[in-house]
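# this is a predicted model, with the sequence first.
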Amino acid sequence: MRRDARLLGSLAALVAALALASLLTGPADAGLRAGIEALWTGEGPLGIVLREIRAPRTVLAIMVGASLGLSGAALQGYLRNPLAEPGLIGISASAALGAVVAIQAGVSALALGVPFAALGGALGGVALILGLAGRRAGGLGLILGGIAVSALAGALTALVLNLSPNPFAAYDIMFWTMGSLADRSWGHVLTAAPLMLAGWVALARAGRDLDALSLGEEAAASMGVNLARLRLLVVLGAAAAVGAATAVAGAIGFVGLVVPHLLRGAVGAMPSRLLPAAALGGAALVLAADVAVRLILPERDLKLGVMMALVGAPVFLHLIWRTQAGR
């Protein structure tokens, strides 16, 4: 327990340091003291930039990273597979489809129209996944249903792009699917926060049951775990958190895969101990990547999803190699 507390404290300190770096990184550079003073008072151009542009971007980075990391850890615990991540069950693809349809239909002209459409797509995708999976409490039906929904959503997204008569809408769709936290406002934070919070609570409540499930389905059932209820908690919790994250930030992959894998060795195999660490680790990773995209190519608007793919893909390949080598 003391070791876990030290790890969580270290991760929280890292998140705080990266949040401060995120607030102070950008075209309107400011020193540490001047930046903190401007953020506190809100006065002058720098104060407006920090409070209305960088602060919501920083808060969203924390929320999105925590949602993806927490959901990835919960899904890996439920499916008992270190290669599982939120994209596996089609949540991200469904949310992206909703956003793409909204952009093509011109709903993006409305305030927060795209995020709400993405949330609707995520909820519709989850309903379809649960319907395809049936009442079986195991993970195989869930995985197969998720793969089917993800493939269908991806195909429909490509179809919308292929048939789009508006090149400007197609351009917006292409860049939205790359994922970014640029130009986000407090409205996006308030839109995503309720669903993310609900998802976090559901996944946190599933922690103890996931510990029992690590012993096997039969052992968990003998210990009084309701497997059908556990599946609903994990799937709906991940759908709420990841759907809201995708709605406001676009498609950002690999966080839910990489972070639990990196932290599992420090906290052990118990999912309940991994969940809070993965949430903080995900927040730190997304914050670090968002700061990096502003430093590497500040004039070209390097997308956050692209950066995460460049970091996550090699780790994913390494994880596959270790899994194969361990057989």
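That came through fine. Numbers count the residues shown, from 1 in each chain.

# before we move on, which element is the most centrally placed residue in the chain in?
Taking Cα atoms, centre = their mean as the criterion, Leu68 is the residue nearest the geometric centre of the chain, at 2.8 Å. Assigned by DSSP states H and E, Leu68 belongs to helix 55-79.

# now that helix, how far from the chain's geometric center?
For helix 55-79, the separation from the chain centroid amounts to 4 Å (computed by Cα atoms, centre = their mean, to the nearest Å).

# tell me which strands and helices that helix is in contact with?
If contacts are counted by 3 or more Cβ pairs under 8 Å, 6 or more residues apart in numbering; DSSP states H and E, helix 55-79 sits against helix 2-24, helix 139-163, helix 186-205, helix 207-213, helix 227-249, helix 255-267, helix 271-296. C-beta coordinates here come from the backbone N, C-alpha and C atoms, glycine included.

# picking that back up, give me the nearest residue to the residue nearest to the centre of the chain, chain neighbours excluded.
Val255 (3.8 Å; Cβ to Cβ, 6 or more residues apart in numbering).

# any idea how far the residue of the chain most remote from its centre lies from Arg51?
Most distant residue from the mean C-alpha position of the chain: Gly44, 33.9 Å away (Cα atoms, centre = their mean). As judged by Cβ to Cβ, to the nearest Å, Gly44 and Arg51 stand 11 Å apart.

# wait, Leu275 touches Gly72, no?
No. Using Cβ atoms under 8 Å, Leu275 makes no contact with Gly72, being 10.0 Å away.

# compare these two (neighbour count), which wins?
Each of Leu275 and Gly72 has its neighbours counted (other Cβ atoms under 10 Å); Gly72 has more, 31 against 23.

# out of the helices and strands packed on helix 55-79, nearest to Trp176?
helix 227-249 (9.7 Å; Cβ to Cβ).

# contact partners for Leu287?
Contact analysis of Leu287 by Cβ atoms under 8 Å, 6 or more residues apart in numbering lists 15, 18-19, 21-22, 58, 61-62, 65.

# using JSON lines, lay out those together with neighbour count, distance to Ala206 and pLDDT.
What follows is the contacts of Leu287, written out as JSON lines (neighbours: other Cβ atoms under 10 Å; distance: Cβ to Cβ, whole Å; pLDDT from 0 to 100):
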{"residue": "Val15", "neighbour count": "24", "distance to Ala206": "23", "pLDDT": "96"}
{"residue": "Leu18", "neighbour count": "24", "distance to Ala206": "28", "pLDDT": "95"}
{"residue": "Ala19", "neighbour count": "19", "distance to Ala206": "28", "pLDDT": "94"}
{"residue": "Ala21", "neighbour count": "17", "distance to Ala206": "33", "pLDDT": "90"}
{"residue": "Ser22", "neighbour count": "23", "distance to Ala206": "30", "pLDDT": "90"}
{"residue": "Thr58", "neighbour count": "23", "distance to Ala206": "28", "pLDDT": "95"}
{"residue": "Ala61", "neighbour count": "28", "distance to Ala206": "25", "pLDDT": "96"}
{"residue": "Ile62", "neighbour count": "22", "distance to Ala206": "22", "pLDDT": "97"}
{"residue": "Gly65", "neighbour count": "32", "distance to Ala206": "20", "pLDDT": "96"}
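
# can I get these in JSON lines with distance to Gly146?
Below are the contacts of Leu287 laid out as JSON lines (distance: Cβ to Cβ, whole Å):
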{"residue": "Val15", "distance to Gly146": "30"}
{"residue": "Leu18", "distance to Gly146": "31"}
{"residue": "Ala19", "distance to Gly146": "33"}
{"residue": "Ala21", "distance to Gly146": "36"}
{"residue": "Ser22", "distance to Gly146": "32"}
{"residue": "Thr58", "distance to Gly146": "31"}
{"residue": "Ala61", "distance to Gly146": "26"}
{"residue": "Ile62", "distance to Gly146": "27"}
{"residue": "Gly65", "distance to Gly146": "22"}
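
# so Gly305 makes contact with Ile252?
Yes. Assessed by Cβ under 8 Å, Gly305 is found in contact with Ile252 at 4.9 Å.

# what about the host helix or strand of Phe168, average pLDDT?
Phe168 belongs to helix 167-176 when assigned by DSSP H and E. Averaging pLDDT along helix 167-176 gives 77.
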